[in-house]
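Chemist: what's the 3D shape of this:
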Amino acid sequence: MPGNATVNPLGRRVLYWGKRNPRRLLRKVGKSMVFSVIISVFAVSGRTLQAMATAGMTPAGQEELITVDQIKIIAGFPMDTRVVQGFLGEIKEGASFPPEALAKLLTRAEERLANTNWFDPVAIYAVPLKNRPDLVKVIIELEAGFPYRFWGGPNYAGAGWENIRGSGRSIGLELGYKHCYLSYTDYHWGPPGLFCQIGLGSRYFTYTRRNGIKTGAWKKGGNLFLGYRLNPDLIAGIKAGIFTLSQPGYGNTGILQIGGRLLLDERNNTFSPAAGMYGEVYAGYIACVPEGAALDACGYTVRAETRSYFPLNQDFVAVLRLQGVVQPDAIADDALRFSLHGFHGIRAPFTEEMMDPVLLQAGGELRYRLLERNISGFVNLSVEPAVFIDLGLAEGDLGEIITSPAFLAGAGLALRLRFGAPVFLPLRLEVGWNKEGAAEVFFGIQEIF
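Modeler: Alright, predicted model coming up:
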């Protein structure tokens, strides 16, 4: 590996930096899971500000601007610099900002880089040029994070390779009981800002029928999401999926979905957010075709979800989640998306009565940061107990969901453990009770929200 090669990060060359380079400045700070270094060097002395004003750099009554003269990346591994460029957003060479605005942009860019877990540690800061305090050099220092990620659920385990060789591409594989799923993601966050995600395989999930008997459904198929990053926190694109649902007593049903999807992610931390918000909206067409029959249901469907995080103090965080779907007919796929064993669902046994064309859910959680400790300077451990309440409503249309909905509620306790650097493992142990008092315990290597 070459010892010291730096390039303009807006170019397309691959950047190398030797691990023994004496200019290495990265260092661990505090006990945070992501080792950050001070952001923004805009504590300009009073003498410098006076010199700027005397030199006439800022017209009277106008706020001074800081111009980014150069962006420099220092990394200890091979990397496509366009990947890092996509995290910077408005920060470009030649762009000018008020000092406070640039400091906020640098802070947010560092959060985005750290949230991926691709880099550990991460440091972004600005250094004024000698004799030109109105010009700064933005320096981005990176070391490679642990490239492998692990997750799982009650009947499967998953593993992935993140940011393969610094390319911004990732792959993942899930294996388990009636469960095999392969995914590929291309986070090519540089020009032209395209994003691609592909998933293919089969998944098995369980739910409870109206008579109290537990059953399950098998989902097989694939999906594709092609998007464009309008800015580093906002992506819009087209999502399409085709799959088959197999249910005991119901046979097989083919389902086709295609529509537009909008994603907004302003969380300060993807895996343990304490501030910011996440939002997603999908609107498209859905068609259901039972095996050996004609088209059964088709029409337009709309899904929306939002999650907001409110830091109450240094240790307590309140979380609110709202989500819902309006579609032409109920499908068992809802049990996968809205159940304990599915994706961001009510943490209590899911029942068949909740399978209706219109579903609305609300969830709240209060988290307490009980422990955050660095072990031997190598592994970060955090422990968070939490309490939660979830509410679900379902009915045939929007009018009925207000007057006479099917109702499901859940409440319970959760314990979240996270191990970070070099192996990142978010663990959660939860127990939830529904309105009938039925309880279910869940353990998984993933986050709820």
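
Chemist: only C-alpha atoms for contact and neighbour calcs from this point on.
Modeler: Fine.

Chemist: Any idea how many residues pack against the nearest residue to T185 once chain neighbours are set aside?
Modeler: When the adjacent residues along the chain are set aside, T185 lies closest to Q197, with 4.4 Å between them (C-alpha to C-alpha, 6 or more residues apart in numbering). A count of nearby residues for Q197, using other C-alpha atoms under 10 Å, gives 18.

Chemist: who touches the residue lying closest to G199 once chain neighbours are set aside in this structure?
Modeler: Closest residue in space to G199, ignoring its immediate chain neighbours: S183 at 4.3 Å, by C-alpha to C-alpha, 6+ apart. When contacts are counted by C-alpha atoms under 8 Å, 6 or more residues apart in numbering, S183 touches 171-173, 197-200.

Chemist: who touches the residue nearest to T185 in this structure?
Modeler: Neighbouring residues of Q197 by C-alpha under 8 Å, 6+ apart: 183-186, 224-226.

Chemist: element containing it?
Modeler: Secondary-structure assignment from DSSP states H and E places Q197 in strand 194-208.

Chemist: Likewise for I401?
Modeler: Counting by DSSP H and E, the element that carries I401 is helix 398-403.

Chemist: same for that helix, what does it pack against?
Modeler: Applying 3 or more C-alpha pairs under 8 Å, 6 or more residues apart in numbering; DSSP states H and E, one finds that helix 398-403 contacts strand 379-395.

Chemist: Could you list the paired strands of the strand it packs on along with their orientation?
Modeler: Taking DSSP bridges as the criterion, strand 379-395 sits next to strand 358-368 (antiparallel), strand 371-375 (antiparallel), strand 406-420 (antiparallel) in its sheet.

Chemist: mind checking which of those is nearest K137?
Modeler: Ranking these by proximity to K137 (C-alpha to C-alpha) places strand 406-420 first, at 31.2 Å.

Chemist: before we move on, back to that, report the next helix or strand after the strand holding Q197 in sequence order.
Modeler: In the C-terminal direction, the helix or strand that comes right after strand 194-208 (DSSP H and E) is strand 214-231.

Chemist: in that following strand, what counts as buried?
Modeler: Judged by neighbour count (16 or more other C-alpha atoms under 10 Å), strand 214-231 contains these buried residues: 216-229, 231.

Chemist: Go through the chain and flag its longest helix.
Modeler: For the chain, the helix that runs over the most residues, judged by DSSP state H, is helix 99-115.

Chemist: In that helix, which residues are buried?
Modeler: The neighbour-count check on helix 99-115 (16+ other C-alpha under 10 Å) flags 99, 102-103, 105-115 as buried.

Chemist: ok, and what's touching that helix?
Modeler: Around helix 99-115, the neighbours that count as contacts under C-alpha under 8 Å, 6+ apart are 34, 39-40, 42, 64-66, 84, 87-91, 119-125, 268-271.

Chemist: what about that helix, distance to the chain center?
Modeler: In terms of C-alpha atoms, centre = their mean, to the nearest Å, the centre of helix 99-115 is set 17 Å apart from its chain centre.

Chemist: The residue positioned nearest the centre of the chain: what's it in contact with?
Modeler: Most central in the chain under C-alpha atoms, centre = their mean is T270, positioned 4.7 Å from the mean C-alpha point. By C-alpha under 8 Å, 6+ apart, the residues touching T270 are 115-116.

Chemist: State whether it is indeed within a helix.
Modeler: No: counting by DSSP: H, G, I helix; E, B strand; the rest coil, one finds T270 to be coil, located in no helix.

Chemist: Regarding it, what are the backbone dihedral angles?
Modeler: Its backbone dihedrals place T270 at phi -70, psi -40, with angles given as degrees, to the nearest 10.

Chemist: who touches G199 in this structure?
Modeler: When contacts are taken as C-alpha under 8 Å, 6+ apart, G199 is in contact with 181-184, 222-224.

Chemist: Kindly reformat these as TSV containing distance to A287.
Modeler: What follows is the contacts of G199, written out as TSV (distance: C-alpha to C-alpha, whole Å):
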residue	distance to A287
Y181	23
L182	24
S183	24
Y184	26
G222	15
N223	15
L224	17
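
Chemist: excluding its backbone neighbours, what's nearest G221?
Modeler: Nearest in space to G221, with sequence neighbours left out and distances taken as C-alpha to C-alpha, 6+ apart, is F243 at 3.9 Å.

Chemist: I'd guessed that neighbour sits against G254; true?
Modeler: Yes: assessed by C-alpha atoms under 8 Å, F243 is found in contact with G254 at 6.0 Å.

Chemist: Show me the contacts of helix 99-115 that map onto strands.
Modeler: The strands in this structure, assigned by DSSP state E, contain 66, 119-125 from the contacts of helix 99-115.

Chemist: Out of those residues, which one has the lowest pLDDT?
Modeler: For the ones in strands among the contacts of helix 99-115, the model is least confident at D120; its pLDDT is 80.

Chemist: Surely that residue and F77 touch.
Modeler: No: applying C-alpha under 8 Å, one finds D120 not in contact with F77, separated by 11.7 Å.

Chemist: So for these two, which residue has more residues nearby?
Modeler: Taking neighbours as other C-alpha under 10 Å, D120 and F77 compare with D120 leading, 23 against 17.

Chemist: okay, now the residue lying closest to the more buried one once chain neighbours are set aside: neighbour count?
Modeler: The shortest distance from D120 to any non-neighbouring residue, by C-alpha to C-alpha, 6+ apart, is to G145 (4.5 Å). G145 is surrounded by 21 other residues when neighbours are defined as other C-alpha under 10 Å.
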